[in-house]
Every structure is written in structure tokens, then in C-alpha cells.
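**Q** Need a 3D model of the sequence below.
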Amino acid sequence: MVVAVLAAIVVGTLVLTDNSATVVAPPYPHDHLDNPHLPWLWGYGFQAIWTAMFILFAIQTFRAKKISMPAMLFLAGTTMFWIEWPADWGSYLVYNREFWTFTGWTSTWYQTYTKPVIAIFGYGIFFAVECVILLKLVPKVSALLQRAVPKASPTVLLVVSAMAVFYAIDILGERLMTVAGWYSYVEAVGPKWESAHGTLSFVWPAIPFMLFAVFISLTLREDSDGNYPNEKLFKVHTLTPGWQRESARLAVWIITMNIAIFIAQPLILCVGRALFLHDSVYVP
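**A** Residues are numbered from 1 along each chain as shown. Below is the predicted model of the structure:
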């Protein structure tokens, strides 16, 4: 029921901000996005990777009769793709239009014009990888900091570690994709990293995105019984182990991650642009 309500809100939001029938295509930054590198990876590779991951996670889940956390964030992350378009509006991002896009869905009301289908698959892959990083790498970095500064709060060190690791990986990933000409922050805010095929900002949307990483890192901390705080909030841990409980866990993580990413990305970015930044001919 809760997931259905959330889905209705998402669909309603997109419908209410859709002016596709009357919108005129904005100017396209040919100087950045013409002749992208490795178009096959963007066009077909990510779909193949996503499908392979889905099959592997499905086999793992049915064998273990439990959804692993990487699988959980993979599935929940896939459902978050809808926030991409308004987040792109808030950060002046334009996608390469040579790839497979949602035909007819070209609204520019608080959304970027070109909307690639690959975002669905990319979100699942990205957050499955991020899950492993947040579960494995961030705690190790935090432990190293704890040994260096033993009197510091473990929570503070976890937050600092999550922000630093997530920021570095996010910037590196965006650098690779902008260099490839898959997309570009055409009017990058603040300090930026430019290339012949694309530009990215070091602060916008990267810094607001770190809020999401911090929240998820804190949410991924288990208690002594192996329960996560968001699952305890919804009383999922009281259910009898089985598929009903696993379905409830998945629903809770979908809700958790969608709310967190909505606040950290489109909400902050769109409000920030509307209040403090400028209009754009490329992302009107």
C-alpha cells in the first residue's frame, strides 16, 4: 500500500510537470555532445549489465531465501530513476540525444529535455556498487580514522568517511561520463572540470548528493540483532522470516531511498536554482 501511494505520488508529480505537448526543443550543445565515445556501452552495455546483475541477485535471493543488502539497494536504486530529470534541471545537465530516449516525454517544466531510458538501468547498477562501497570501504576508512583519532565520535567519523569516499567516487564517475560525451553540465555551477566533450561541477550537484550518502551510511548500521533502523521503524523485524518479510523489507528500502534521494537531489537542486541561480537556454 505504501509503495503504491509513493508510486502514485511519483507519477502524479511527473504528470503535473509535463508540458511535452507544447514544449519547443531547446538549443542543443553540439560542441559538447556530438560524437560521444563508447556509444555502445551507453546504448546497450548497461542494459546487459543490469540484466546480468538482476539474474545473479535473483538466484542468490531464492537460494538464501533472503534479499542481500547489495540486491536490496540494486532493486531500490532502480526505482529512483524518476528523480533524474528534475535533478538535471536543478544542475543544468543535458544528456546526449543520440541514445535511446523516452519518445514524447520531453517536458521542460523543472526537468531536462532529453530523458534517456538508460537512467533506469544506470541507477540500479550505480547504487548496487555504492552499497558495496558503503558497506565495505566506508567502515574501513572510518576505522582507520578512529585509530588515528581515538577520542572522536564513531558516528562523526562514519559521516566524514561516507562523505569523502562517496564524493571522490561520484566525481570520478561523472568525469568519465562527461569526458565520454554522454552528458554535460552545460552551465556548471562553481569550480568545474572541463573537457572537449563535457563539463562537470565540483559542487553542484555533488555536495547535496553527499547528504544522501551520509543518510544511507547511517541507515546501513545494524543493531546487535542485525536489524536496520528503517526496518525497525516500520516494524519489519517483527515479521516471521520468509517472503512476506523480505517483500516488506524491500518496500521499506524503496521508500527510504526514494525519500532520501528526493530531498538530497531534486528538492535541494530545484529550489536552489529557482532561488539563487539563473535561467538557461539549454535547460529552460
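**Q** what's stretch 23-39 in contact with?
**A** Judged by C-beta atoms under 8 Å, 6 or more residues apart in numbering, the contacts made with stretch 23-39 from elsewhere in the structure are 42, 45, 94, 96-99, 106-108, 113, 179-184, 186, 197-199, 281-284. (Each C-beta comes from the backbone N, C-alpha and C, glycine too.)
**Q** And that stretch, how far out from the chain middle?
**A** 22 Å (C-alpha atoms, centre = their mean, to the nearest Å).
**Q** Kindly report the same for stretch 91-110.
**A** 17 Å.
**Q** same check, this time on stretch 85-104
**A** Average the C-alpha atoms of stretch 85-104, do the same for its chain, and the two points are 14 Å apart (C-alpha atoms, centre = their mean).
**Q** Dump the C-alpha coordinates for it into CSV.
**A** Provided in CSV are the C-alpha atoms of stretch 85-104 (Å, rounded to 0.1, in the frame of the first residue of the first chain):
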residue,chain,number,x,y,z
TRP,A,85,15.0,14.6,-14.7
PRO,A,86,14.2,17.3,-12.1
ALA,A,87,17.7,16.9,-10.6
ASP,A,88,19.1,17.6,-14.0
TRP,A,89,17.0,20.7,-14.3
GLY,A,90,18.4,22.0,-11.0
SER,A,91,22.0,21.3,-12.0
TYR,A,92,21.8,22.3,-15.7
LEU,A,93,22.6,18.8,-17.1
VAL,A,94,21.9,17.9,-20.7
TYR,A,95,22.0,14.3,-21.9
ASN,A,96,23.3,13.2,-25.3
ARG,A,97,20.3,12.9,-27.6
GLU,A,98,21.9,10.2,-29.8
PHE,A,99,20.9,7.5,-27.3
TRP,A,100,17.7,5.7,-26.6
THR,A,101,15.3,8.2,-25.1
PHE,A,102,11.7,8.3,-23.8
THR,A,103,10.0,9.3,-27.0
GLY,A,104,7.4,12.1,-26.5
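**Q** buried ones in that stretch?
**A** Buried positions in stretch 85-104, judged by neighbour count with 16 or more other C-beta atoms under 10 Å: 85-96, 98-99, 101.
**Q** Repeat that for stretch 214-224.
**A** Neighbour-count burial for stretch 214-224, with 16+ other C-beta under 10 Å as criterion, is recorded at 214-217, 219-220.
**Q** Using the three-state scheme, assign the most centrally placed residue in the chain.
**A** Nearest to the centroid of the C-alpha atoms of the chain, with distances taken as C-alpha atoms, centre = their mean, sits residue 123, at 5.6 Å. Assigned with DSSP: H, G, I helix; E, B strand; the rest coil, residue 123 falls in the helix class.
**Q** doesn't residue 77 make contact with it?
**A** Yes. In terms of C-beta atoms under 8 Å, residue 123 counts as a neighbour of residue 77; the distance is 5.0 Å.
**Q** Which of the buried residues of stretch 214-224 sits closest to residue 256?
**A** Nearest to residue 256 among these is residue 219, at 6.4 Å by C-beta to C-beta.
**Q** residue contacts, the closest residue to the closest one other than its chain neighbours?
**A** Leaving aside its chain neighbours, residue 219 sits nearest to residue 230 (5.4 Å; criterion: C-beta to C-beta, 6 or more residues apart in numbering). Contacts for residue 230 (C-beta under 8 Å, 6+ apart) come out as 219, 252-253, 256.
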